[in-house]
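Novice: Sequence and predicted model, in that order:
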Amino acid sequence: MNNRIDLKFKELKESNKKALITFVTAGDPDIETSYKVIREMIAEGIDILEIGIPFSDPLAEGPTIEKASYRALASNTTTDDVFNLVKKLRVDYNIPIILMLYVNLIYKYGKDKFMGKCTEAGIDGLIIPDLPIEEVSELKSYASAKEIYIINLVAPTTKSDRLLKTVKESEGFIYCVSSLGVTGERKKITTDLSDFYNRLRSITNLPLALGFGLSNKKQIDGLKGGWDGFIIGSAIVNIIAQYGIDSPEYVGSFIKSLKN
Amino acid sequence: MNNRIDLKFKELKESNKKALITFVTAGDPDIETSYKVIREMIAEGIDILEIGIPFSDPLAEGPTIEKASYRALASNTTTDDVFNLVKKLRVDYNIPIILMLYVNLIYKYGKDKFMGKCTEAGIDGLIIPDLPIEEVSELKSYASAKEIYIINLVAPTTKSDRLLKTVKESEGFIYCVSSLGVTGERKKITTDLSDFYNRLRSITNLPLALGFGLSNKKQIDGLKGGWDGFIIGSAIVNIIAQYGIDSPEYVGSFIKSLKN
Amino acid sequence: MDKKFGEFGGQYVPETLMEALIEIEKAFAKYSEDPEFNRELKELYENVANRPSKLYYASEMTKDLGGAKIYLKREDLNHTGSHKINNVLGQMLLAKKMGKKKIICETGAGQHGVATATIAALFKIECHIFMGKEDVERQALNVFRMELLGAKVTSVDSGTGTLKDAVNEAFRQWTREVEDTYYLMGSVVGPHPYPVMVREFQKIIGEEVREQILLAEGKLPDAVVACVGGGSNAIGIFYDFIKDEQVKLIGVEAAGEGLDTDFHAATISKGSTGIFHGMKSKFLQDDFGKIMPVYSMSAGLDYPGIGPEHAYLYSIGRANYFPVTDEEAIDAFEYLSKMEGIIPAIESAHAIYYAMNLAKQLDKDKIIVVNLSGRGDKDVYQVAKYKGVEINEQ
Amino acid sequence: MDKKFGEFGGQYVPETLMEALIEIEKAFAKYSEDPEFNRELKELYENVANRPSKLYYASEMTKDLGGAKIYLKREDLNHTGSHKINNVLGQMLLAKKMGKKKIICETGAGQHGVATATIAALFKIECHIFMGKEDVERQALNVFRMELLGAKVTSVDSGTGTLKDAVNEAFRQWTREVEDTYYLMGSVVGPHPYPVMVREFQKIIGEEVREQILLAEGKLPDAVVACVGGGSNAIGIFYDFIKDEQVKLIGVEAAGEGLDTDFHAATISKGSTGIFHGMKSKFLQDDFGKIMPVYSMSAGLDYPGIGPEHAYLYSIGRANYFPVTDEEAIDAFEYLSKMEGIIPAIESAHAIYYAMNLAKQLDKDKIIVVNLSGRGDKDVYQVAKYKGVEINEQ
Ligand SMILES: Cc1ncc(COP(=O)(O)O)c(C=O)c1O
Ligand SMILES: Cc1ncc(COP(=O)(O)O)c(C=O)c1O
């Protein structure tokens, strides 16, 4: 159990805390700003960092992260730039780092080569929104060989048999999608979250992190279920969309507001 | 043999002359000008007068007479106006007068009523471009009852059997169409006119008047065949198109040029 | 061959054209009895026109209206999108047999022109199309389509620059080159033998309907409904049923902005007997016999006359003719689109509208067949404009 | 049911959609074996789509080219004007059986959208169509047409605002309302079971061709040619012949302004294996796996991927794929119009062009069947513009 993700959840559990997992698209609006934003977030005490690699067609994303992707592509951010960013972060930080990216970016890069670069850069896990459990075998052996976790997602629509299969195959934590639809802030989450949590908890001891649509402390505090962590994406990306290269301090304040 | 047309041709034959038959659209550009144009033409010695009643869709006409029709309609010229014009002419003149008009104008006016008005006004004959021999019976009895001639047309395309039938049914004179196509001036007439004339002369003693495309003295003098008359239309209408209400004197000079 | 239908019909044309009409009449008389000609025509109907056209049971419409069963004769699924192709195939084959090297024709919105250009391309015969200036401007795309098919299109700016003027100009052109040219008339109008000939080439519609409805329902329809411009699709579907007195024959004419306005083309409702375009029939005309400008948003119905056989059927009471306005036709256009997923030609939509009302008045055991004479792709732009929707293709 | 064709295919979609795909797969497996479903589908093919479509012997083209005999499979004469309707009928019937109340779909130029809106109207199912912003502007008339048919059209302005973005957005929308909504994919692309399902609903084309060509010629064709966007009309006509090794299967892809430029959509010629829109297949992409913007004047071929079964057939050498440029397609568009009086869809014109060249190289006893996947009315405006002709409808 050497993966930083496992270690982090163990540490949090021991101190009875929930993980704060935050997302940023690398290169939005440029790679230097991403670096600064991430440093601010880490300084404010996030637990796990999720970095998105921009893609031309992010079809699981709502408009917020989709546009971040286009901004990052406009600044010519490539997969290699993201590896370099992570390498630079690793000079100072030991925080678990997860890449969020679409499967084609890995496939085209070369599955083996990609995983090698992940290890080299110090990446701990991958979230691949268009790789359901049925297709995980596409990458699993390559990832495992380099001790990179593939974080599976489950959705409110996922039925028992596939839920069981998913949790069996999972490692690190399970990314629990809070509601139907794509990423993005939601006014209200209508899924019965305590039921969703209970169904999962009854079949796995893995950490369960809830994502999609979470945006502020009040909302998170009000959520039902004993979730082990929360993933915040669009709320942060929105701040970056608004403040651009000036966003690091604003993101920092936002993270602070979540921690209090 | 009381019809002015017959008398005129008899007179011309006796003095070994050919008939000059001229056309004008009544009401182009207004009925007063038509009256003046006609007076000029008669003064210059035309033999027979052909007056066109304007129609919305003169489909046997080339652009020259077609446009004259539209101008006459634009000045609101009706069939009744044409009857009045003829009546006014009859105060001074005994020249044969023929109306040129489309069959619907007669049909809609009322066949019997129309012929009555013709007699009353002093009209001698009718040229109806869309009434071939096959349909002449539509009007024949009505016209005959009022001693109005229906002048039949023959064309270079008319074959022997129909030519024979046509001359048998004809009265006054035969309107011989010089060439294929609609009315209007022609640079050259390519029909073999002497053959056309001979075919007709071999089967009838009626006067044969040639029309369509004739426009000046030189051209007429050069025509083959022993025609008994020539019909000039578009050449005159063109002058009216050019000079409008000032056209009477120009038409007069033109007629003079034909007579010399 | 009889040249008249009762008092209607005839051959009121310039002498220069008479021999050509006689030649066509003779050729038609000969070939219409010729088994080889008929075999070839049948093959063209099948392989080129895509016949037989379906008789489609409009179940959703029927259900929605709650009265008589409605069937649609799907002439819209023919090659080039309307019934016009039937007639063009027949006449083009005749022209070919006659050894003609050139075809001229008139067109309104372009349906007949496109059909003629299409078959002229296939037959490798030169094709010259006359189209009113107004229509050329309104239907620029159809002009390009005809040119694409190899035809020459001449814009006619005399008169009102619409269909009747295109006919005038085609006649004029014909007199110029009558010896080697065939005039391919687009509807059951004009001088004899056109009204007979075009009807003979269109009557396949009704013959198919008879067979199809007997197969589907075991009985004849109670009413057959068709729109009437010149009247070719209507006579095409009526003809085989004329002898069956129990089958009501209903023609629908364009009432444009309404019969109480000057903007309509309702020849039977508002016209009177006259002689024009070579035929005695009903026309919209003034007291002196001048032909009136007509109006319908439907270019195919925008004609001041009607075929002489319709005038005759009307005069003897065998067929009835009713007006439908632009607005009503658009209602039907939208209704059929939403109800059956069929966008009808705006011409055909006139017939649909009448049938919608008729169906409601009849019992469920009654059957109405409507001739869906063409598809509405050509009309979508115009309807959008009528509805105030801006279309700006780039 | 096998989810892959060799290495191609699969189900690379967000977790939220997986259960829906499984539900569709199950329903499809059940109903495709169900005699009642198949009877209803056959009836819809006949009564609504206007099937069987004719197999037309292009005698003039054959004569002119002087080589192999050319036959055209006339999918252009289907209701709504292309092969798209076959698939829409199949999936819509399935959706209805599954009790779905809403349909969503993507459309490029609008062909699939119009077909879907048409059948949704007939089936009284709510229909929501996603269309790229660029396409909405270029094809405003088709937008109005879909709305006329009762569909809701959403303009997608993300990405390049074209077909691939419309697919993205349709997927996004589907994740929002996956429980009562059916995504009706327009080609043999996307995650399993779409490529299998769409092929099954399109294979009727090839089955008919087999019967028709055997009747006409007593033997199978030597080559079958079809254009390839996603690949549904191609697989539809290929499928029944895959087992007949002697029948060459040829797909024609859009080379736009040329393979040496950045403006083409030649997926097989210039693409590489990747994973996108739920499937592993061939895509036009950069070195990092970003999907490239593509170009073809033909909106229906303007897609950066190809159906996985084609990638497979190509990989095993059973089918070959060749590029044809805009300019060549326009040549063929004009050629077929003038030669046979058939205006082809600009998509289909790509296939025609390839067949023109192939025919010249083959002996007269050889037979080529080309899938005429759609009619060209929709493209006349664009071709006119390409040729520099001003069209200004009023
Ligand atoms: C689809 C359609 N229906 C009807 C007509 C009217 O012609 P007709 O009355 O000769 O059938 C036209 C004429 O263009 C047409 O295109
Ligand atoms: C007429 C026509 N042909 C071909 C295509 C390409 O699609 P596919 O490759 O799925 O047949 C389209 C797509 O819109 C089309 O409209």
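Specialist: Now that the structure is in, tell me what you want to look at. Ligands and ions are numbered 1, 2, ... in the order given.
Novice: hey, where'd the strands end up in the chain?
Specialist: All of this refers to chain A. A:19-25, A:48-52, A:97-100, A:125-127, A:149-151, A:153-154, A:174-177, A:208-211, A:229-232 (DSSP state E).
Novice: That was the other one, I meant chain C.
Specialist: C:4-5, C:8-12, C:55-57, C:69-74, C:102-107, C:126-132, C:152-156, C:181-183, C:223-227, C:248-256, C:272-276, C:278-283, C:319-325, C:367-372.
Novice: one step back: any chance of the strands of chain A in a markdown table with distance to C:Arg176 and mean neighbour count as columns?
Specialist: C-beta coordinates here come from the backbone N, C-alpha and C atoms, glycine included. Converted to a markdown table, these look like this (distance: least, Cβ to Cβ, whole Å; neighbours: other Cβ atoms under 10 Å in any protein chain shown):
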| stretch | distance to C:Arg176 | mean neighbour count |
| --- | --- | --- |
| strand A:19-25 | 74 | 25 |
| strand A:48-52 | 75 | 24 |
| strand A:97-100 | 77 | 26 |
| strand A:125-127 | 79 | 24 |
| strand A:149-151 | 82 | 21 |
| strand A:153-154 | 79 | 24 |
| strand A:174-177 | 78 | 26 |
| strand A:208-211 | 81 | 23 |
| strand A:229-232 | 83 | 24 |
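Novice: mind checking which of those strands is nearest ligand 1?
Specialist: Between ligand 1 and the strands of chain A, the shortest gap by Cβ to the nearest ligand atom is with strand A:174-177, which sits at 53.2 Å.
Novice: That closest one pairs with which strands, parallel or anti?
Specialist: strand A:153-154 (parallel), strand A:208-211 (parallel) (DSSP bridges).
Novice: sorry, back to before: reformat the strands of chain C as a markdown table; add mean pLDDT.
Specialist: Output for the strands of chain C, formatted as a markdown table (pLDDT from 0 to 100):
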| stretch | mean pLDDT |
| --- | --- |
| strand C:4-5 | 98 |
| strand C:8-12 | 98 |
| strand C:55-57 | 98 |
| strand C:69-74 | 98 |
| strand C:102-107 | 98 |
| strand C:126-132 | 97 |
| strand C:152-156 | 97 |
| strand C:181-183 | 98 |
| strand C:223-227 | 98 |
| strand C:248-256 | 98 |
| strand C:272-276 | 98 |
| strand C:278-283 | 98 |
| strand C:319-325 | 98 |
| strand C:367-372 | 98 |
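Novice: and D:Ser82, which of those strands is closest to it?
Specialist: Ranking the strands of chain C by proximity to D:Ser82 (Cβ to Cβ) places strand C:69-74 first, at 16.8 Å.
Novice: Nearest to ligand 2: which residue in chain C?
Specialist: C:Asp377 (13.9 Å).
Novice: Surely that residue and D:Gly376 touch.
Specialist: No - here C:Asp377 does not reach D:Gly376: they are 11.5 Å apart, not a contact under Cβ atoms under 8 Å.
Novice: What residue in the stretch 151-260 of chain A comes nearest to chain B?
Specialist: A:Val182 (65.7 Å; Cβ to the nearest Cβ).
Novice: Quick check: closest non-adjacent residue to residue 76.
Specialist: Using chain A. Nearest residue to A:Asn76 in three dimensions, chain neighbours excluded: A:Gly27, at 7.7 Å (Cβ to Cβ, 6 or more residues apart in numbering or on different chains).
Novice: meant chain C, my bad for not saying
Specialist: C:Asp76 sits nearest to C:Arg375 (Cβ to Cβ, 6+ apart), 3.7 Å away.
Novice: How about A:Ala74?
Specialist: A:Pro29 is the one closest to A:Ala74 (Cβ to Cβ, 6+ apart), at 8.0 Å.
Novice: before we move on, what about A:Tyr107?
Specialist: D:Ile275 is the one closest to A:Tyr107 (Cβ to Cβ, 6+ apart), at 5.1 Å.
Novice: Read off the pLDDT value for the residue most central in space within chain C.
Specialist: Geometric centre of chain C, nearest residue: C:Ser232, 4.0 Å, by Cα atoms, centre = their mean. pLDDT, C:Ser232: 98.
Novice: Neighbours of the residue nearest to C:Val196 when sequence neighbours are not counted, how many?
Specialist: Nearest non-adjacent residue to C:Val196, counting by Cβ to Cβ, 6+ apart: C:Met1, 6.4 Å away. C:Met1: 11 surrounding residues under other Cβ atoms under 10 Å in any protein chain shown.
Novice: Correct me if wrong: C:Met1 contacts C:Lys26.
Specialist: No - counting by Cβ under 8 Å, C:Met1 stays clear of C:Lys26, with 9.3 Å between them.
Novice: which other helices and strands contact the helix or strand of chain C with the lowest mean pLDDT?
Specialist: Lowest on mean pLDDT, DSSP states H and E among the helices and strands of chain C sits helix C:133-138, with a mean of 89. On a contact count with 3 or more Cβ pairs under 8 Å, 6 or more residues apart in numbering or on different chains; DSSP states H and E, helix C:133-138 meets strand C:152-156.
Novice: which parts of the strand it packs on are buried?
Specialist: The neighbour-count check on strand C:152-156 (16 or more other Cβ atoms under 10 Å in any protein chain shown) flags C:Val153, C:Thr154, C:Ser155, C:Val156 as buried.
Novice: Take those residues and write them to CSV, including distance to D:Tyr45.
Specialist: Output for the buried residues of strand C:152-156, formatted as CSV (distance: Cβ to Cβ, whole Å):
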residue, distance to D:Tyr45
C:Val153, 38
C:Thr154, 43
C:Ser155, 43
C:Val156, 44
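Novice: of all those, which comes closest to D:Gln212?
Specialist: The closest of the buried residues of strand C:152-156 to D:Gln212 turns out to be C:Val153 (Cβ to Cβ; 35.8 Å).
Novice: mind listing what the closest one touches?
Specialist: Shown in contact with C:Val153 (Cβ atoms under 8 Å, 6 or more residues apart in numbering or on different chains): C:Gly113, C:Ile129, C:Phe130, C:Met131, C:Val136, C:Val143, C:Met146, C:Glu147.
Novice: The residue lying closest to C:Ala120 once chain neighbours are set aside: what's it in contact with?
Specialist: Once flanking residues are discounted, C:Ala120 sits nearest to C:Cys127: 3.6 Å by Cβ to Cβ, 6+ apart. With contacts defined as Cβ under 8 Å, 6+ apart, the neighbours of C:Cys127 are C:Lys102, C:Ile103, C:Ile104, C:Cys105, C:Thr116, C:Ala117, C:Ala120, C:Ala121, C:Leu149, C:Gly150, C:Ala151, C:Lys152.
Novice: I figured C:Val114 hits C:Leu148, correct?
Specialist: No - C:Val114 lies out of contact with C:Leu148 (Cβ under 8 Å); the separation is 9.6 Å.
Novice: Please identify which of these two sits among more neighbours.
Specialist: C:Val114 (30 against 22).
Novice: any idea how far that one is from chain A?
Specialist: C:Val114 sits at a distance of 41 Å from chain A (criterion: Cβ to the nearest Cβ, to the nearest Å).
Novice: List the contacts of residue 72.
Specialist: Looking at chain A here, since you left the chain open. Here A:Ala72 is in contact with A:Thr25, A:Ala26, A:Gly27, A:Asp28, A:Pro29, A:Gly52, A:Pro54 (Cβ under 8 Å, 6+ apart).
Novice: meant chain C, my bad for not saying
Specialist: C:Leu55, C:Tyr56, C:Ala58, C:Glu340, C:Ile342, C:Val369, C:Val370, C:Leu372.
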